[in-house]
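Q: model this:
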Amino acid sequence: MANELQQTLARIINKSNILVEKYHALEDANRALASDNEQLHDKIEQMKKDNELMRQEIDYLKMARAIAPSLDDVEGARSTISKLVRDIDKCISQLNG
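A: Okay, here's the model as predicted:
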């Protein structure tokens with residue numbers, strides 16, 4: 001009878017040791033997962049900030065494109081300025097001559 005109790009006690013101790021080992025392994029895994037989770041949340045926050053900066057840059061580029069003159073506008077302005085300069089030169093030559 002005492003032998004059976006010792007065997008039962010030994011089995012209970014072995015099982016409890018196995019449970020403790022599994023518990024520690026799960027704790028380690030939980031800590032690793034919590035660390036990964038925190039890193040991923042930090043990465044998500046950084047990506048959100050980067051995304052917002054890129055959206056602002058897109059908005060700025062859209063505004064710059066809307067404000068910037070087109071090639072036709074630039075050529076038209078050059079043509080107008082050239083014509084005005086020729087007209088001024090004519091006026092100066094008429095005043096001098």
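Q: so who does residue 4 touch?
A: If you count contacts by CB atoms under 8 Å, 6 or more residues apart in numbering, residue 4 has none. (C-beta placed from N, C-alpha, C; glycine too.)
Q: Tell me, what's the model's pLDDT at it?
A: Here the pLDDT value assigned to residue 4 is 91.
Q: same deal with residue 57?
A: Confidence score, pLDDT, at residue 57: 96.
Q: Then residue 68?
A: pLDDT recorded at residue 68 is 79.
Q: and if you look at residue 97?
A: For residue 97, the pLDDT comes out at 72.
Q: which residues in this protein form helices?
A: Ranges of helices within the chain are 2-67, 71-96, based on DSSP state H.
Q: Of these, which shows the lowest average pLDDT?
A: helix 71-96 (a mean of 90).
Q: distance between it and the chain's centre?
A: Distance of helix 71-96 from its chain centroid, counting by CA atoms, centre = their mean, to the nearest Å, is 50 Å.
Q: Packing partners of it?
A: Using 3 or more CB pairs under 8 Å, 6 or more residues apart in numbering; DSSP states H and E, no helix or strand is in contact with helix 71-96.
Q: ok, and for that helix, which residues are buried?
A: Residues of helix 71-96 include none that count as buried (16 or more other CB atoms under 10 Å).
Q: Distance check, residue 85 against residue 29.
A: To residue 29, residue 85 is 80 Å away according to CB to CB, to the nearest Å.
Q: so how far is stretch 21-38 off the chain centroid?
A: On the basis of CA atoms, centre = their mean, stretch 21-38 sits 29 Å off its chain's mean C-alpha point.
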